[in-house]
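Student: Here is my input; please provide its structure:
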Amino acid sequence: MEIREAMSTEVLTVNPDRTLKEVAEHMAERNVGSAVVVDPEQPGPGIFTERDLLHAVASGLSLGSEKVADHLTSDGTFAEGGWSLDQAANSMVRGGFRHLVVLEDNEPAGVLSMRDIVRSWAGE
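Tutor: Sure thing, here's the model as predicted:
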């Protein structure tokens, strides 16, 4: 199965100057575990996840003033739409992450989560 068949194509994208609180609110409203951070000044997207938020909270940072740009992963692994689901799952396990941004023509086309993979393998 290709990654395109399992990924969510409704991607929450945010600007890097948003506060952690704003991004967390958007993630909660959409019931998603990550947001793709798109900065027109930077090549490629970044990703901000629940884990990044957890680290900020545990560090005692001010969620209302800290910018997402300072807490995202920008040098992570990104997938191409033609990847197989097995290839994506192996990459996620090896890298120790639970969300994978899928790019088409260097633009975010979707996000694949571990939940998406399990759902696909379970036949749902």
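
Student: Leu53 and Ala24 touch, don't they?
Tutor: Yes. At 5.6 Å, Leu53 and Ala24 qualify as touching, with contact defined as Cβ atoms under 8 Å. C-beta: built from backbone N, CA, C; applies to glycine.

Student: More neighbours: those two, which one.
Tutor: The residue with more neighbours, out of Leu53 and Ala24, is Leu53; 22 against 19, by other Cβ atoms under 10 Å.

Student: check contacts around that one.
Tutor: Shown in contact with Leu53 (Cβ atoms under 8 Å, 6 or more residues apart in numbering): Leu20, Val23, Ala24, Met27, His71.

Student: How about Ser84?
Tutor: Met1, Glu2, Ile3.

Student: make it 10 Å
Tutor: Met1, Glu2, Ile3, Glu5, Asn90 (Cβ atoms under 10 Å, 6 or more residues apart in numbering).

Student: sec struct for the last one, please.
Tutor: Reducing the assignment at Asn90 to three states with DSSP: H, G, I helix; E, B strand; the rest coil gives helix.

Student: For it, give its distance to Glu25.
Tutor: Relative to Glu25, Asn90 is positioned 33 Å away (criterion: Cβ to Cβ, to the nearest Å).

Student: same thing with Met1?
Tutor: 33 Å.

Student: cool, Glu2 as well?
Tutor: To Glu25, Glu2 is 33 Å away according to Cβ to Cβ.

Student: Just the ones in strands from the contacts of Leu53, please.
Tutor: Using DSSP state E, no member of these falls within strands.

Student: Which two among those are spaced furthest apart?
Tutor: Met27 and His71 (13.0 Å; Cβ to Cβ).
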